[in-house]
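Visitor: Sequence unavailable; structure follows:
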Ligand code: HMG
Ligand code: MG
């Protein structure tokens, strides 16, 4: 039997948050319902952030109330603060994610807080989520390249990853937010992170702006990482990372890792249908890269 690789589907969150057109709730619900049939163990359909910052995600609670939850799927959401966590618990999320950054510039742009302040804010959040029996993951954005500060020292990514791990996040997702990271730089970053956090607790989150996400996933596989975030149909981007339009497509990651002999448990035909749905929703991303 082949070794497992998990594709963590983030399209309905990381993808749709970046769309210029305000997508009707029912379209989001239909996409999540289609994804729930594909064989994913985890899907991220919601983001309980400030609606003033990301209006596209304002209806996350409603999306969660209207989807048909599949028994074998966990539904996760982003929560930047206590208000977000309260909303996530009300929506009965299976897991939440706090999200930090390896640079001050990105942290300020994305969270209106310094790296240190954001991490201090996450400590009680993580403890409270765990006390509610909710899973907790921590994202680190801009692990190799930052739109505001350029090349990011590997130790900066490792520091934030270690802090999130120590405060109780059971999985650390390493965000190559810009999709510019050369495989050699991803390799150096992972070497630094792995001195602090075990491979079994890491996930790779590679945007594909420069067409390098699949190469970077191969680098991460060689380091023992076995969870990869991806967006159906290549939906994606971060509204606070200028020039980061595309998440790596779940279909492409599925094809790559299967070709390398891993098992993802995904139904490729159902995934392709969900991909068509996602692309049809993608009418004009924020920066015109749709
Ligand atoms: P702030 O403006 O400093 O916060 O933003 P605030 O506490 O002053 O709140 C401002 C207003 O928002 C207030 O409303 C709050 O009540 C409200 P007002 O009093 O003015 O009417 N508010 C909320 N409402 C609902 N839910 C909440 C919430 N929080 C505040 N949770 C804050 C600070 C952290 C809230 C803001 O910066 C924020 O929401 N940031 C999130 C930005 C974001 O979502 N970025 C994209 C996701 S991260 C990403 O894509 C990267 C990733 O994919 C990995 C990678 O690729 O690298 C994960
Ligand atoms: Mg992202």
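Guide: Received, thanks. On a predicted model such as this, the values are computed, not experimentally measured, just so you know. Numbers count the residues shown, from 1 in each chain. Ligands and ions are numbered 1, 2, ... in the order given.
Visitor: near ligand 1, which residues of this structure show up?
Guide: Within the chain, the residues that sit near ligand 1 (Cβ under 6 Å from any ligand atom) are 14, 17, 47-54, 78, 80-81, 83-84, 87, 99, 110-112, 139, 141, 175, 177, 205, 238-240. Just so you know, the C-beta spots here come from the backbone N, C-alpha and C atoms, and that holds for glycine as well.
Visitor: Quick check, the residue in the protein closest to ligand 1?
Guide: residue 175 (2.4 Å; Cβ to the nearest ligand atom).
Visitor: List the backbone torsions phi and psi for that residue.
Guide: Residue 175 adopts backbone torsions of phi -90, psi 110, taken as degrees, to the nearest 10.
Visitor: before we move on, back to that, only whichever of the residues of the chain next to ligand 1 are buried, select them in ChimeraX.
Guide: Listed next is the ChimeraX selection for buried residues among those, using 16 or more other Cβ atoms under 10 Å:
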select :14,17,47,48,49,53,54,78,80,81,84,87,99,110,111,139,141,175,177,205,238,239,240
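Visitor: and residue 211, how many residues sit next to it?
Guide: By other Cβ atoms under 10 Å, 10 other residues sit near residue 211.
Visitor: quick one: which helix or strand includes it?
Guide: For residue 211, there is no enclosing helix or strand under DSSP states H and E.
Visitor: any idea how far residue 281 is from it?
Guide: From residue 211 across to residue 281, the span is 23 Å (Cβ to Cβ, to the nearest Å).
Visitor: what do you get for residue 259?
Guide: According to Cβ to Cβ, residue 259 and residue 281 sit 28 Å apart.
Visitor: cool, residue 139 as well?
Guide: Distance from residue 139 to residue 281, by Cβ to Cβ: 23 Å.
Visitor: re the thing from before, next one, pLDDT for the residue of the chain closest to ligand 1 please.
Guide: On pLDDT, residue 175 comes in at 98.
Visitor: Beta-bridge partners for it, please?
Guide: Beta bridges link residue 175 to residue 205, judged by DSSP bridges.
Visitor: which residues does it contact?
Guide: By Cβ atoms under 8 Å, 6 or more residues apart in numbering, the contact set of residue 175 is 139, 140, 141, 142, 143, 205, 207.
Visitor: Can you list phi and psi of the second one for me?
Guide: If I follow you right, that is residue 140. When read as degrees, to the nearest 10, the backbone of residue 140 gives phi -120, psi 120.
Visitor: How about it: what's its closest non-neighbour residue?
Guide: residue 160 (4.8 Å; Cβ to Cβ, 6 or more residues apart in numbering).
Visitor: helix or strand for that neighbour, which one?
Guide: Assigned by DSSP H and E, residue 160 belongs to helix 154-166.
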